[in-house]
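>>> all I have is the shape, not the residue letters:
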């Protein structure tokens, strides 16, 4: 499913469908091939905190991606051990910009949405605005973004993040990591030719 907002599109993938990881991976692979030269770094910025189940999607994905050490110019910021959250996001963005000149940044975060979209993964071009669902003013970041809709948006959004089911978060984390792994293998195979 594709939805258009103010000149940009957001693609939705249902994580309960087996093909969604492949479809997301193919879309990410196409974008990476279009924008990333073989010597350009790819940074996965996994945003969130391990202190709230609903906000832990980013650090869980960062933890899982840190096991993918087979790729050149592939960097991960935000893991369970060293999460990237509201208090250190700005300094982490500065560190990325200083350490990885002209990096292609894939920003990953949890989000809130409509109740019938819980479990959906979104993918779009352009920066991610972290914290928007809980009224935090944080810097926008990323060339593309991936979010997982972990719960519905409503009153007391902070409480909703605390009461999100871990199964929803883990299922989406598995799908997103599978998609990223697929896209990185595709990218490596095509750049080696």
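On my side now, so go ahead. As the structure is a computational prediction, the values presented were derived from the model and not from experiment.
>>> run through the bridge partners of the residue sitting nearest the centre point of the chain.
Closest to where the C-alpha atoms of the chain average out (Cα atoms, centre = their mean) is residue 108, at 1.9 Å. For residue 108, the beta-bridge partners are residue 46, residue 146 (DSSP bridges).
>>> distance check, it against residue 189.
23 Å (Cβ to Cβ, to the nearest Å). (Glycine included, C-beta is placed from N, CA and C.)
>>> and what of residue 146?
For residue 146, the distance to residue 189 equals 21 Å [Cβ to Cβ].
>>> look at the two and report which has more neighbours.
Remark: of residue 146 and residue 189, residue 146 carries more neighbours, 28 against 10, as counted by other Cβ atoms under 10 Å.
>>> now do that one, the pLDDT please.
For residue 146, the model assigns a pLDDT of 97.
>>> so who does it touch?
By Cβ atoms under 8 Å, 6 or more residues apart in numbering, residue 146 lies in contact with 24, 28, 106, 107, 108, 121, 122, 123, 176.
>>> how far away is the closest residue to residue 140 other than its chain neighbours from residue 144?
Taking Cβ to Cβ, 6 or more residues apart in numbering, and ignoring the residues beside it in sequence, residue 140 has residue 127 as its nearest neighbour in space, at 3.8 Å. As for residue 127, its distance to residue 144 is 9 Å (criterion: Cβ to Cβ).
>>> would you state the helices of the protein in chain order?
Ranges of helices within the chain are 20-35, 57-65, 89-99, 157-162, 166-192, based on DSSP state H.
>>> for the record, mean pLDDT for the third one?
Regarding helix 89-99, the rounded mean pLDDT is 95.
>>> go ahead and confirm residue 60 touches residue 169.
Yes - the pair residue 60 / residue 169 is scored as a contact, 6.6 Å apart, by Cβ atoms under 8 Å.
>>> tell me the contacts of the residue nearest to the centre of the chain?
By Cβ under 8 Å, 6+ apart, the contact list for residue 108 reads 44-47, 57-58, 61-62, 78, 128, 145-147, 176.
>>> next one: residue 179
Residue 179 neighbours (Cβ under 8 Å, 6+ apart): 21, 22, 24, 25, 28.
>>> swap the cut-off to 10 Å and go again
Contacts for residue 179 (Cβ atoms under 10 Å, 6 or more residues apart in numbering) come out as 13, 20-29, 121, 123, 146.
>>> any idea which of those is closest to residue 98?
For these, the residue nearest residue 98 by Cβ to Cβ is residue 146; the value is 24.0 Å.
>>> and that closest one, how far from residue 110?
Taking Cβ to Cβ as the measure, residue 146 falls 10 Å from residue 110.
>>> and if you look at residue 85?
11 Å.
>>> okay, and the common contacts of those two?
Common neighbours of residue 85 and residue 110 (criterion: Cβ under 10 Å, 6+ apart): 47, 48, 49, 52, 55, 58, 59, 130.
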